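Q: This is a predicted model, with the sequence first.
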Amino acid sequence: MIDVSDYRKYEALFRHFEAFSAIPHGSGNTSAIADFFVEFARARGLEYYRDGANNVVIRKPATKGYEDRPAVIFQGHLDMVAEKKTGAQIDMEREGLSLYRDGDFLRARDTTLGGDDGVALAYAMAVLDGEVEAHPDFEAVFTSDEEIGLLGAVALSPDAVKGRLLINIDSDEEGVFTVGCAGGVRSDISLPLEYEEADKSKKAYRVRLYGFKGGHSGVEIDKGRANAVKVLGELFNMSATEDWRIATMSGGNADNAIPRECSAVVIAGEDFPEKFRTVLERRKAMFAVMPDLPHTELRKMDKTGRTLRDIEPSCDIEIEEVALPARMLTDGSHSRLISLLILLPSGVIAMSRALPDLVETSLNLGILRVGERAEVSFSVRSAVGAEKKKLCARLSEIAAGLGAEYGERGEYPAWEYRESSHLRDVMVDVYEKMYAKKPKVVTIHAGLECGIFTEKLPDIDCVSIGPDNFDIHTTEERLSIPSFVRVWEYLKEVLRNI
Ligand SMILES: [Zn+2]
């Protein structure tokens, strides 16, 4: 038992947190924790629903005097990212977590804490267990396998959810209310290529562009970081007049990560390394004098007057001679590949009109592989479904224009910002009264389960919040105890005032 004697008033929250933490519940391993919650409901005579995907819904009737208020849902996910320190002895498939207190933080020994999303479970358990004096009809919606593609939310029958005011407790910054998130899709472009025998009178060089910052294609797409694949494509385009050919090329590792590196083997004359470096140096300082470039990484930088050196201070290029490969792209394929890299957009496409400083639509060219075909993969995101479709149509047109194929997979819906939201109004109001300041109301450029719920139940009203929880998904995950209990006080007030 962790010592929270200085938080005696909140003992129930910690007791519940410890109870489910004793059950292993990594993503894909949620059957036991679902059973635990079924038993929790049964023991208290509460109505419950459990499905084959290990989603659990538990309902508790309103307290006296609150029968006429609209029902409120606390929603969170049952699964956690099960990470442990290298060499740690724990078997997270079979063993529960070992919680401990580190000053103001709750942590788990050698592992992720699962505060993402255990906070939602603990708060909901406290309500279900009768810790709250005044609340309307209450519904706990616990989904499975959120961390591996929102699988539980996708599988959950809309009929299982009765309430229409849903507080998703899966955000990790106190005082920040998320009221919308982007939807997304993975797009793939596949360009057929032709090769010919390598020109033996020439040399082969490996060109490697590396040291870019990279980052998450959702939350870091507006940080003005350069995309190594796009930059190398542009450098190649600027060297188009020279007599040289690409033999292979690849960059990036995941469609949702901004590529930090891109390399190619080229077949060229002996003066290539020197000439190419000159192009790079020119490129590094030239943005301010090239206003008419197409929509590229270059132009984005040009608008701000910054150079590649400002944006990616540690990026560098390495050119080394390598053994001559057997083949190189034909002139036509070489040009089409470079055109493709130049024409394909990557980065922020539009900012939100409803909320300032928020990205509405973006895409990230995340992977390039050149073999028999050139395969390019994107993560496309938009807060507005129609804008996502428009951007995909643009990619499809660019592909068609160059004789490439286009496909999509893994689409998920946006959670669109609602102009009017009763839940948001009440939550903002209660927050201002309690803390004498305004919460930050935002939409985010990454996925949340609320998108799935609003697609299935168009009349549902959602807000996502949560206490301060740091370094989630890592073994450094730590939940702020003062924030955990403050958010609990806040949630109780929301239930009272709905
Ligand atoms: Zn989560």
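A: Thanks, I have it. Numbering: from 1, shown residues only.
Q: who's in contact with E455?
A: P413 (Cβ atoms under 8 Å, 6 or more residues apart in numbering). Heads up, the C-betas are built off the backbone N, CA and C, glycines and all.
Q: Secondary structure element holding it?
A: helix 450-456 (DSSP states H and E).
Q: Break down this structure into its helices, ranges please.
A: 11-21, 31-43, 115-128, 151-155, 228-238, 272-285, 297-304, 308-311, 331-343, 385-401, 422-435, 450-456, 481-497 (DSSP state H).
Q: Deepest in the core, which of those is it.
A: Ranked by mean neighbour count, the helices of the chain are led by helix 115-128 with a mean of 25 (mean count of other Cβ atoms under 10 Å).
Q: does any bit of it sit next to the ion?
A: Yes. Legend: contact between helix 115-128 and the ion by Cβ under 5 Å from the ion is shown at D116, D117.
Q: Make a markdown table out of the helices of the chain and add distance to V207 and mean pLDDT.
A: A markdown table is the format used below for those (distance: least, Cβ to Cβ, whole Å; pLDDT from 0 to 100):
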| stretch | distance to V207 | mean pLDDT |
| --- | --- | --- |
| helix 11-21 | 50 | 97 |
| helix 31-43 | 50 | 98 |
| helix 115-128 | 41 | 98 |
| helix 151-155 | 41 | 94 |
| helix 228-238 | 7 | 89 |
| helix 272-285 | 7 | 76 |
| helix 297-304 | 17 | 51 |
| helix 308-311 | 16 | 73 |
| helix 331-343 | 13 | 95 |
| helix 385-401 | 24 | 96 |
| helix 422-435 | 51 | 98 |
| helix 450-456 | 41 | 93 |
| helix 481-497 | 49 | 98 |
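Q: Nearest to G214 among the ones you listed would be which one?
A: helix 228-238 (8.0 Å; Cβ to Cβ).
Q: and the stretch 51-200 of the chain, which of its residues are near the ion?
A: Counting by Cβ under 5 Å from the ion, the stretch 51-200 of the chain comes close to the ion at D116, D117, D170.
Q: for the stretch 251-400 of the chain, that is, sorry about that
A: Counting by Cβ under 5 Å from the ion, the stretch 251-400 of the chain has no residue next to the ion.
Q: could you point out where the chain is predicted with low confidence?
A: The model of the chain has pLDDT under 70 over residues 283-307.
Q: and it, what are its domains?
A: 5-182+415-497, 184-412 (automatic domain parsing).
Q: show me the contacts for the closest residue in space to A326 that isn't next to it in sequence.
A: Closest residue in space to A326, ignoring its immediate chain neighbours: A198 at 6.1 Å, by Cβ to Cβ, 6 or more residues apart in numbering. A198 makes contact with A204, A247, I267, L324, P325, A326, R327, M328 under the criterion Cβ under 8 Å, 6+ apart.
Q: tally of neighbours for the closest residue to the fourth one other than its chain neighbours?
A: Residue nearest to L324 in three dimensions, not counting chain neighbours: A204, with 4.6 Å by Cβ to Cβ, 6+ apart. A count of neighbours around A204, defined by other Cβ atoms under 10 Å, yields 19.
Q: Okay, A204 and L329: tell me how far apart.
A: Per Cβ to Cβ, to the nearest Å, A204 is found 13 Å from L329.
Q: what about the residue nearest to the spatial centre of the chain, distance to the ion?
A: The centre of the chain sits closest to A446, judged by Cα atoms, centre = their mean, with a distance of 4.3 Å. In this view, A446 and the ion are 11 Å apart by Cβ to the ion, to the nearest Å.
Q: Quick check: that residue touching V219?
A: Yes. The pair formed by A446 and V219 meets the contact definition of Cβ atoms under 8 Å, at 5.6 Å.
Q: just to revisit the earlier point, excluding its backbone neighbours, what's nearest the residue nearest to the centre of the chain?
A: Using Cβ to Cβ, 6+ apart, the nearest residue to A446 is G218, at 3.6 Å.
Q: List the contacts of that neighbour.
A: A182, G184, N256, S362, S379, R381, I444, H445, A446, G447.
Q: what's the burial count for S27?
A: Residues lying near S27 (other Cβ under 10 Å) number 19.
Q: Correct me if wrong: it contacts L78.
A: No. In this structure S27 lies outside contact range of L78 using Cβ under 8 Å: 9.3 Å.
Q: Show me the beta-bridge partners of the residue nearest to L324.
A: I267, V322 (DSSP bridges).
Q: I'd like the distance between the residue in the stretch 251-400 of the chain positioned nearest to the ion and S217.
A: When distances are taken as Cβ to the ion, the stretch 251-400 of the chain reaches nearest to the ion at N256, 16.2 Å away. Distance from N256 to S217, counting by Cβ to Cβ: 4 Å.
Q: The two - which one has more neighbours?
A: Neighbour count, other Cβ under 10 Å: between N256 and S217, S217 has more, with 28 against 20.
Q: I'd like to know how many residues surround A257.
A: Neighbour count for A257, taken as other Cβ under 10 Å: 17.
Q: just to revisit the earlier point, ok, the residue nearest to the centre of the chain - contacts?
A: Counting by Cβ under 8 Å, 6+ apart, A446 touches C181, A182, H216, G218, V219, R381.
Q: Was I right to think F378 contacts I349?
A: No. Using Cβ under 8 Å, F378 is not in contact with I349, being 11.6 Å away.
Q: Touching both of these two, which residues are there?
A: Residues touching both F378 and I349 (Cβ under 8 Å, 6+ apart) are L363.
Q: what about the two, which has more around it?
A: F378 (26 against 21).
Q: Just the buried residues of stretch 61-70, please?
A: Using 16 or more other Cβ atoms under 10 Å as the test for burial, stretch 61-70 gives A62, T63, Y66, R69.
Q: How about residues contacting that stretch?
A: 71, 132-138, 163-165, 422, 498.
Q: Just the C-alpha atoms of stretch 488-498, please, in CSV.
A: Written as CSV, here are the backbone C-alpha positions of stretch 488-498 (Å, rounded to 0.1, in the frame of the first residue of the first chain):
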residue,chain,number,x,y,z
TRP,A,488,-11.2,14.8,-8.9
GLU,A,489,-12.6,17.8,-6.9
TYR,A,490,-13.3,19.5,-10.2
LEU,A,491,-15.1,16.5,-11.7
LYS,A,492,-17.3,16.2,-8.6
GLU,A,493,-18.3,19.9,-9.1
VAL,A,494,-19.1,19.2,-12.8
LEU,A,495,-21.4,16.3,-11.8
ARG,A,496,-23.1,18.5,-9.3
ASN,A,497,-23.6,21.4,-11.8
ILE,A,498,-24.6,19.6,-15.0
